[in-house]
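>>> just the structure for this:
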Amino acid sequence: MGIIKILIVDDHPTYREGLSRLLTEEVDFNCIGEASNGFDAVNMVKELQPDVAIVDVSMPDINGIETTKRIKATRPETAVLMISAFDYQSYILSSLQVGASGYMSKDRPFSEIAAAIRLVNKGDSVLDIKATDKVIASLVSSDNNHSNNVSELNSREMDVIRLASRGMSNKDIALTLIVSERTVQTHLVNIYKKLKVNSRTQAIIAGLRLGWLTIDD
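The predicted model follows:
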């Protein structure tokens with residue numbers, strides 16, 4: 001596995017520097033930069049082209065959600081993992097809507113944050129337990145008006161999204177369905193287009209809203 005280039009974006013120097021030290025201890029991580037605000041973060045993404053940007057939600061000037069939106073517009077290939085001391089439902093859903101691949105609480109063990117970095121770098125999505133609870137609560141209270149704006153998935157696409165909703169990686173889905181990993185990626189791209197979303201997590205949320213998936217999936 002190649003080295004994952006990581007940019008840390010957080011206005012708290014103690015947390016930022018501490019996370020950087022922990023990242024350097026991982027053999028497959030390279031912390032290539034630190035930014036204390038969203039403006040610097042976007043410029044550093046242009047210059048350094050990180051694989052993953054770890055972005056704090058709550059920052060002065062422009063918050064992490066707007067920063068993520070600008071990062072994805074600047075370099076879509078950079079996966080964004082949101083981190084926050086807060087697990088407000090609005091923060092989580094807004095982060096996913098602007099293209100973040102995951103949302104983790106700052107109080108999670110570093111081993112879980114490291115695992116999340118590796119997952120989003122591979123194109124997977126990740127939510128910690130607190131964030132998942134908030135998303136489910138939102139789904140319970142939401143309506144299905146979105147159903148008029150999307151296309152039906154075919155049977156193989158449904159197989160893929162069901163397995164993705166269980167947290168399976170693209171590789172594991174490919175092994176389960178006895179297809180190539182590239183075929184799984186193609187199915188996911190088609191799913192995103194049909195559901196008018198930009199990530200695996202958004203697709204799963206849309207599937208739940210539409211009643212195509214259940215929480216038990």
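
>>> the helices in this protein, which residues?
13-24, 38-48, 64-74, 89-97, 110-121, 129-141, 155-165, 170-177, 181-195, 200-209 (DSSP state H).

>>> relative to helix 155-165, how tilted is the shortest one?
Just to be clear, that refers to helix 170-177. 130 degrees (axes from the mean of the first three to the mean of the last three CA atoms, to 10 degrees).

>>> neighbouring contacts of helix 170-177?
For helix 170-177, the external contacting residues (CB atoms under 8 Å, 6 or more residues apart in numbering) are 122-124, 156, 159-160, 163-164, 168, 180-181, 183-185, 188. Where C-beta positions appear, they are placed from N, C-alpha and C, glycine not excepted.

>>> how about a cut-off of 7 Å?
122-124, 159-160, 163-164, 180-181, 183-185 (CB atoms under 7 Å, 6 or more residues apart in numbering).

>>> dump it to CSV, restricted to CA.
C-alpha atoms of helix 170-177 as CSV (Å, rounded to 0.1, in the frame of the first residue of the first chain):
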residue,chain,number,x,y,z
ASN,A,170,-15.2,-2.1,-2.4
LYS,A,171,-12.9,-5.1,-2.2
ASP,A,172,-15.1,-7.0,0.1
ILE,A,173,-18.2,-6.2,-2.0
ALA,A,174,-16.3,-7.5,-5.1
LEU,A,175,-15.4,-10.7,-3.4
THR,A,176,-19.0,-11.2,-2.2
LEU,A,177,-20.5,-10.6,-5.6
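
>>> chain center to it: distance?
Computed by CA atoms, centre = their mean, to the nearest Å, the chain-centroid distance of helix 170-177 equals 20 Å.

>>> do I have it right that Arg162 meets Gly207?
No. The criterion here is CB atoms under 7 Å, and Arg162 misses it with Gly207 at 8.2 Å.

>>> low-confidence regions, the chain specifically.
1, 87-90, 129-150, 167, 214-217 (pLDDT under 70).

>>> which residue is nearest the middle of this structure?
Per CA atoms, centre = their mean, the C-alpha nearest to the average position across the chain is that of Ser101, at 1.0 Å.

>>> tell me the contacts of it?
Here Ser101 is in contact with 79-81, 120, 125, 199 (criterion: CB under 7 Å, 6+ apart).

>>> can you select the buried ones from those in ChimeraX?
The buried subset of the contacts of Ser101, as determined by 16 or more other CB atoms under 10 Å, is captured in ChimeraX by this line:
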select :79,80,81,120,125,199
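
>>> and Arg162 and Gly207? which has more neighbours close in?
For Arg162 and Gly207, the more surrounded residue by other CB atoms under 10 Å is Gly207, and the numbers stand at 23 against 17.

>>> re the thing from before, where do the contact lists of Arg162 and Gly207 overlap?
Common neighbours of Arg162 and Gly207 (CB under 7 Å, 6+ apart) are Leu213.

>>> count of neighbours near the closest residue to Thr24 other than its chain neighbours?
Nearest residue to Thr24 in three dimensions, chain neighbours excluded: Cys31, at 5.9 Å (CB to CB, 6 or more residues apart in numbering). Neighbourhood size, Cys31 [other CB under 10 Å]: 20.

>>> what's across from Cys31 in the sheet?
As for beta bridges, Cys31 partners with Ile6 under DSSP bridges.

>>> contacts only, for it.
6, 8, 20, 23-24.
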